[in-house]
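> give me coordinates for this.
(chains A, B, C and D)
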2 protein chains.
Amino acid sequence: MIDVEGRVVVTIREVAAAAGVSIATVSRALADPDKVAPGSRQRVLAAIDDLGYIPNRAASGLRGGRTNTIGLLVPDLTNLYFSGVGRGVAAEASEHGISVFIAESREDPGAEVKLLRGLVRQTDGIVLCSPRAPHEDQAVVGAGPLVVVNGALTGAESIAVDDLSGITAALEHLFALNHRRIGYVGGPSSSWSDARRREGLVAASARFPDLQVVSLGAYPATVEGGHSAAGAVIAAEVSAVLAFNDIVAIGLVRSVQRMGLRVPNDLSVVGFDDTYLADLVTPGLTSVHSDLETLGRRATQLLLRVLPNGRDDAPQAMTGQLLPTHLVVRDSTAPLGVRLPPRYGSPG
Amino acid sequence: MIDVEGRVVVTIREVAAAAGVSIATVSRALADPDKVAPGSRQRVLAAIDDLGYIPNRAASGLRGGRTNTIGLLVPDLTNLYFSGVGRGVAAEASEHGISVFIAESREDPGAEVKLLRGLVRQTDGIVLCSPRAPHEDQAVVGAGPLVVVNGALTGAESIAVDDLSGITAALEHLFALNHRRIGYVGGPSSSWSDARRREGLVAASARFPDLQVVSLGAYPATVEGGHSAAGAVIAAEVSAVLAFNDIVAIGLVRSVQRMGLRVPNDLSVVGFDDTYLADLVTPGLTSVHSDLETLGRRATQLLLRVLPNGRDDAPQAMTGQLLPTHLVVRDSTAPLGVRLPPRYGSPG
DNA sequence: ATGAAAGCGCTAACAA
DNA sequence: TTGTTAGCGCTTTCAT
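Numbering: from 1, shown residues only, chains lettered A, B, ... in the order given. Sure thing, here's the model as predicted:
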């Protein structure tokens, strides 16, 4: 066969002809080798190898209403959190012969809705990572298998990192270092993880009566977000800060350093996610570790479990899975010691 | 229509029935609105909106031998270079109604070959980013449109960043700062960009007779690679170093700092790519800037140009496109022999 | 301007 | 164990 551009395209028909069998036998030899005679199988495989035949997956799925493709929708490809998850999704899918469509909303809820809508009919299921939009549209959410990472949508499976225990560990660490007034530099207000962490903050406050936790607002999950937060952090007169993620934490550290504070001497800082950035900066950033690749893999497993053949292996309620976290202590946190009168008000 | 899982699937047939036209008219109303009467068009669009119909792209392409999908193959999703390119590819493709399959080789040439092979039949074309394998397999390379980013393959278009001018600018900068013995910490030996940069090194050596350029070997494009290079850098007794990319540069800086050197006072360091990492570390890293998103967009444009309808708009030889670079000077480079005030205290 | 009908590459009954 | 034959959802001639 010759395609539009003049290239040779080997289809199942060519293979069948070369092997001297019908196309059904070729199909079977690939999908269910035990169902064809060893001899035929041999000749089919030889022909495939010979002609360099590669099945067209889109066509394969057509009949069964499958696409053998899943979609992955993330807010920001250049955010290491999402590339970590993406790596897991890609790896797991690849091992199951599934292709992955990638889509990036750029943190734009409107784009997110459009992209999700575009993905739904082209895939067997979707991994929706850290949604920034409500997604009430049942024509989309109810339309196909959907796994939400770091979020919750009625009618969709979900999986997340255990933010609550993560922030608790971070607070306990700071508490043990004698910090009693701690700030939280929040992320995007639409972030589900951010909401979970604020819950953790409240819970911890209840457990440690003499601990003051100060919410310092919502900031973009970027270096600039960290910069913007510096003023509020200093004004709040806290001795330690939890930041929404590593990148915000690092932006914050740079800014307060420029303002004359030393980290960790004057301010302890804890990040989230423990991406490789935490180990890249000076001082190294204490951070709450999450296994992002596993998160991506689990999300994909959750999705694949619903796909293949009928609903034999009951789609058991796995909703609400949580992945453990642990705190990695580096150099950005230190005990609250004897300190000179705060230089807080005087930048420079 | 009801699919395997019991979900409602709206096909072109439902729309046709609802609008009281044939499926051909629905198809036309979408693909070529001028070819249907305004009245029909109205009713079709209303029905589509009403039923929430979304066309199945895989099926659409089937007839014409297209998939409306391109593939993107990168060595490492968590490398900001590739996520930058990926963002450009995703954006450009999305604007053309094209989906993107993502694949990650994890720097493994074997996996790269397999993934490329898997991609070729499922897509209309492929963006192959920074290949680490030779790819002589004509059944793959010749089989479909292929654009190589930072590489060259016979039978494929290619596009790259102008590494040569980039490294030249970096060298001139260091030369102007009176550095006369400069080291180059190379990247993966299979990297095409690395080869281009070494060419630039040789060319510059010819231009500046009193300049010594020392090649310090090949290292993985990771933080660890930078760490490993530290010993060689110090042993080479150079006053300045060019690193394969930002991440290697940063790893190197951390290591030499631990060994007691100050950057830039004792050693000037220049990175490549100017990812946001360069602005994240202390001291800020001088780096050769590339516009990664544009690189991804251009690559995709190159690919799309070959796809749509016959070869009307001649696939003119656009091979060998080069994107400009420019040097962004930060704090990791300083004049040789000038005593700088320790602006950035490394607690060492 | 529109409909009928023939596929696209492949899978999945159904026969043989 | 095999081949034959319907389609999957859609595009695209070819008639009308």
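
> quick check, residue A:271 in a helix?
No. Counting by DSSP: H, G, I helix; E, B strand; the rest coil, residue A:271 falls outside a helix, being strand.

> what's the separation between it and chain B?
Per C-beta to the nearest C-beta, to the nearest Å, residue A:271 is found 12 Å from chain B. For every residue, glycine as well, the C-beta is placed using N, CA and C.

> who are the contact partners of that residue?
Counting by C-beta atoms under 8 Å, 6 or more residues apart in numbering or on different chains, residue A:271 touches A:243, A:245-250, A:278, A:285-288, A:332.

> likewise residue A:239?
By C-beta under 8 Å, 6+ apart, the contact set of residue A:239 is A:179-182, A:267-268, A:336.

> one more time with 7 Å
Contact analysis of residue A:239 by C-beta atoms under 7 Å, 6 or more residues apart in numbering or on different chains lists A:179, A:181, A:267-268, A:336.

> out of these, list just those in helices.
The members of those all map outside helices under DSSP state H.

> tell me which of these fall in strands.
Mapping these onto strands (DSSP state E) picks out A:181, A:268.

> for the contacts of residue A:271, which one is nearest residue B:13?
Distances from residue B:13 to those, taken as C-beta to C-beta, are shortest for residue A:245 (47.4 Å).

> so how far is DNA strand D from that closest one?
Going from residue A:245 to DNA strand D by C-beta to the nearest atom of the strand, to the nearest Å gives 40 Å.

> where does that residue fall, phi/psi-wise?
Main-chain dihedrals, residue A:245, degrees, to the nearest 10: phi -150, psi -180.

> so what's it up against?
A:81, A:187, A:221, A:271-273.

> tell me the one among these nearest to residue A:149.
Using C-beta to C-beta, the contacts of residue A:245 come closest to residue A:149 at residue A:81, 10.0 Å.

> now do the contacts for that closest one.
A:245, A:273, A:275, A:292.

> and the closest residue to the last one other than its chain neighbours, how far is that from DNA strand D?
Counting by C-beta to C-beta, 6 or more residues apart in numbering or on different chains, residue A:84 is the residue found nearest to residue A:292 once chain neighbours are left out, at 2.8 Å. Residue A:84 sits 35 Å away from DNA strand D, taking C-beta to the nearest atom of the strand as the criterion.

> can you tell me the helix or strand for residue A:84?
Using DSSP states H and E, the element containing residue A:84 is helix A:80-95.

> doesn't residue A:45 belong to a helix?
Yes. Residue state for residue A:45 (three-state DSSP) corresponds to a helix.

> pLDDT at it, what is it?
Looking at residue A:45, its pLDDT is 95.

> nearest residue to it other than its sequence neighbours?
Here the residue nearest residue A:45, using C-beta to C-beta, 6+ apart, is residue A:29, at 6.9 Å.

> next, that neighbour: phi, psi?
Torsion angles, degrees, to the nearest 10, at residue A:29: phi -60, psi -30.

> residues contacting it?
So residue A:29 contacts A:36, A:40-41, A:44-45 (C-beta under 7 Å, 6+ apart).

> can you map out the helices along the stretch 1-150 of chain A?
With helices called from DSSP state H, counting those that start in this stretch, the stretch 1-150 of chain A shows them at A:12-19, A:23-31, A:38-51, A:57-64, A:80-95, A:109-120, A:138-141.

> need the helix or strand of chain A with the lowest average pLDDT.
Ranking every helix and strand in chain A by mean pLDDT, DSSP states H and E puts helix A:138-141 at the bottom, with a mean of 69.

> just to check, residue A:293 is in contact with residue A:87?
Yes. The criterion here is C-beta atoms under 7 Å, and residue A:293 meets it with residue A:87 at 5.3 Å.

> check contacts around the residue of the stretch 51-200 of chain A found nearest DNA strand D.
Ranked by C-beta to the nearest atom of the strand, the top residue of the stretch 51-200 of chain A for proximity to DNA strand D is residue A:62, at 3.1 Å. Going by C-beta under 7 Å, 6+ apart, residue A:62 touches B:58-59, B:62.

> tabulate those residues (CSV), appending pLDDT and distance to residue A:174.
Listed next are these as CSV, based on pLDDT from 0 to 100; distance: C-beta to C-beta, whole Å:
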residue, pLDDT, distance to residue A:174
B:58, 88, 52
B:59, 91, 56
B:62, 89, 59
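
> which of those residues are close to DNA strand C?
The subset of those within reach of DNA strand C, by C-beta under 7 Å from any atom of the strand, is B:59, B:62.

> residue B:261 is nearest to which of the helices of the stretch 1-150 of chain A?
Here helix A:80-95 is closest among these (C-beta to C-beta), at 28.0 Å.

> roughly how far is the closest one from the heart of the chain?
8 Å (C-alpha atoms, centre = their mean, to the nearest Å).

> also stretch A:98-113?
So, by C-alpha atoms, centre = their mean, the centroid of stretch A:98-113 is 12 Å from its chain's centroid.

> could you list the low-pLDDT ranges of the stretch 1-150 of chain A?
Within the stretch 1-150 of chain A, the stretches with pLDDT under 70 are A:1-7, A:138-139.
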